[in-house]
Structure formats: structure tokens, C-alpha cells
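Novice: quick one, fold the following:
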Amino acid sequence: MKIKFFSASLPCAAHPSENQDTFFIDKENNSAGVFDGIGGIAGGKKAATWCAQCFKSRANLKSLEAVFRECHYILKEKGEEAFGHQIGTTAAMVRIYPRDSESVVVWGSVGDSRVYHFSNLGLLQISVDDSVVTQAFEKGWLNQAKAERIRQAEDLKGFSKLEKDLFQGRNIITQAVGLGAMNPRIGKFKARKGDLIILTSDGVHDNLINKEIAQILQKGSPDPAKELVEAAEAVSKGSSLRAKPDDITAIVVKLE
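Specialist: Predicted coordinates for the structure are as follows:
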């Protein structure tokens, strides 16, 4: 089975000279990752860059959970040394073990950068966001259907005050690599020839709902990552409820 990688990234219009998203693709080890530096504190770009370098250098050496934990502690040290405080980043990473007809994809995530699987069954979000919406679900304040309704909302008609507040704060994350305590979410799934594996920073999926992401992927574009990023950028500059100026990054991995 052949593996083909596509990638695209654009900085936020508010700071066009500094993209705080970073990504890596390691074709030799069939791995890739997307990282979104935490804004609001100095060092967001450095956090994402250092973390990407750390993950890439260790991607094929240890278990994915061990990579997350080691890079978490390294980033803590680097932040304290360079800035005098902790710095943080989201992270979403996959490592693909190809087989003739079916591959195993090991994934890990912290924060709200995502991993998706697109197959003949449609688009499935594999990773779980470390967000206030997920927190509300895990605490029993929302059921699964309401949590997903908030994540995919295109208007707030019929929403309660709590649901409206959660939508407005849907990009608030509850953990990050390099900040405080961290417990990565780790898992694996199987993918077949023709499937796509997608990694996105929140600049993509905060602007685009899953249905729109799936529609773009269904086109069979020669560069699906570029299409996703450009579509998200167009929404970010508009006036829709979901419009959110941000750095925007996507990696699409095609199994051939």
C-alpha cells in the first residue's frame, strides 16, 4: 500500500507574518502531526515548533503515549528556560503501519487539533477534543447529541444559555502539551485503500462543519489539504456564526 501526503497551512489575517500552527510529515516513518501554539501567552509559535521537532525526532522510537509525555516535559523545560514560564500547544499525530489491503493507524491528541478518518462510510472524527464542550458532556451537563449539536452548529436557534455559552467558548481547551498536567488521548483504527486520514488545527474545523469537510474530500481534489484550508479561510473572513480568524492547517493522508 502506498501512502501519499498533502499539507497546507495559512497564518491568521491578524498576524500574517507569524503562523502559530506547525506541522510535520515524516514519509520514511509514515507519520504526521499538527500543532497549534496556545495564544495569549508569549511563546505560542515556539511551543508548536519545538513540539513538532520533538515528536518528529521520536516518532518511530517509542510508543506514542511515551512520545507525548516526553515531549510534554521537554516543552515545559524549554518554556521555563526561554520565557520564564510554561508554554503550550495542541497536538494531533498519527503513525501509519501499512499492510497490503488494510493498515493500522495509531493516533494521539491533546487539545483540540483533530484526527479524522474518511472512508466509504463517510467522515468520522476519531480524536476527542479536550474542550469545554467535551468537559460538559463528561460531567453529565450535556448528552452526546447535544454536545455534537453545539460543535456542528450553524445557528443558535433553540439553544439554551448554557449551550450558547459553550458554543462561543468551543475553542477553549482543557489541556495542552507543555502546560500543567497532561494525559494524551491515544487510540488506533484500521484504514483501507482509498481511505483518507485527516489532521486539522481548529482553524479548519471551527470554521467548517464536518459535513462541509466531507463534501470537500468527496470531490477527489488533486490537493485536498489545500482545498480544506482555502475553504476554512473563506469562512473565517465572512460574517457567518462560525467565522473565526485563526491560523489554519490541514494534513490529508491518502492510502493508495
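Novice: which SSE is Ala191 in?
Specialist: Take DSSP states H and E as the rule and Ala191 turns out to sit in strand 185-192.
Novice: next: Phe35.
Specialist: Using DSSP H and E, Phe35 sits in strand 31-37.
Novice: next SSE downstream of the strand holding Ala191?
Specialist: That would be, after strand 185-192 and using DSSP H and E, strand 196-200.
Novice: moving C-terminal from that next one, which element do we reach first?
Specialist: helix 202-205.
Novice: return the residues in contact with Gln125.
Specialist: If you count contacts by CB atoms under 8 Å, 6 or more residues apart in numbering, Gln125 has them with Arg114, Val115, Tyr116, Asn210. The way it works is simple: take the backbone N, C-alpha and C, and place the C-beta from them, glycine included.
Novice: Leu75: how many residues sit nearby?
Specialist: 27 (other CB atoms under 10 Å).
Novice: that one: what secondary structure?
Specialist: helix (DSSP: H, G, I helix; E, B strand; the rest coil).
Novice: was I right about it contacting Ala47?
Specialist: Yes. Judged on CB atoms under 8 Å, Leu75 makes contact with Ala47 at a distance of 6.2 Å.
Novice: overlap in contacts, those two.
Specialist: Ile87, Gly88, Thr89, Val177, Gly178.
Novice: what about Gln135, how many neighbours?
Specialist: 17.
Novice: phi, psi for the spatially most central residue of the chain please.
Specialist: Compute the mean C-alpha point of the chain, and by CA atoms, centre = their mean the closest residue is Ser113, 1.9 Å away. Main-chain dihedrals, Ser113, degrees, to the nearest 10: phi -70, psi 140.
Novice: pLDDT score for it?
Specialist: If you check Ser113, the pLDDT there is 98.
Novice: please apply the same query to Gly203.
Specialist: At Gly203, pLDDT is 97.
Novice: was I right to think it contacts Val235?
Specialist: No. Judged on CB under 8 Å, Gly203 makes no contact with Val235 at a distance of 10.0 Å.
Novice: of those two, who's got more company?
Specialist: Neighbours were counted for Gly203 and for Val235 using other CB under 10 Å; Gly203 has more, 29 against 19.
Novice: which residues sit in contact with that one?
Specialist: So Gly203 contacts Leu10, Cys12, Asp21, Asp36, Ala232, Ser236, Lys244, Asp246, Asp247, Ile248, Thr249 (CB under 8 Å, 6+ apart).
Novice: just Ser127 next, same as before
Specialist: Ala92, Trp107, Ser109, Ser113, Arg114, Val115, Tyr116, Arg185, Gly187.
Novice: could you find the closest non-adjacent residue to the last one?
Specialist: Right, the one you point to is Gly187. Trp107 (5.7 Å; CB to CB, 6 or more residues apart in numbering).
Novice: count the neighbours of that neighbour for me.
Specialist: Residues near Trp107, counting by other CB under 10 Å, number 23.
Novice: dig out what it forms beta bridges with.
Specialist: Under DSSP bridges, the beta-bridge partners of Trp107 are Val94, Gly187.
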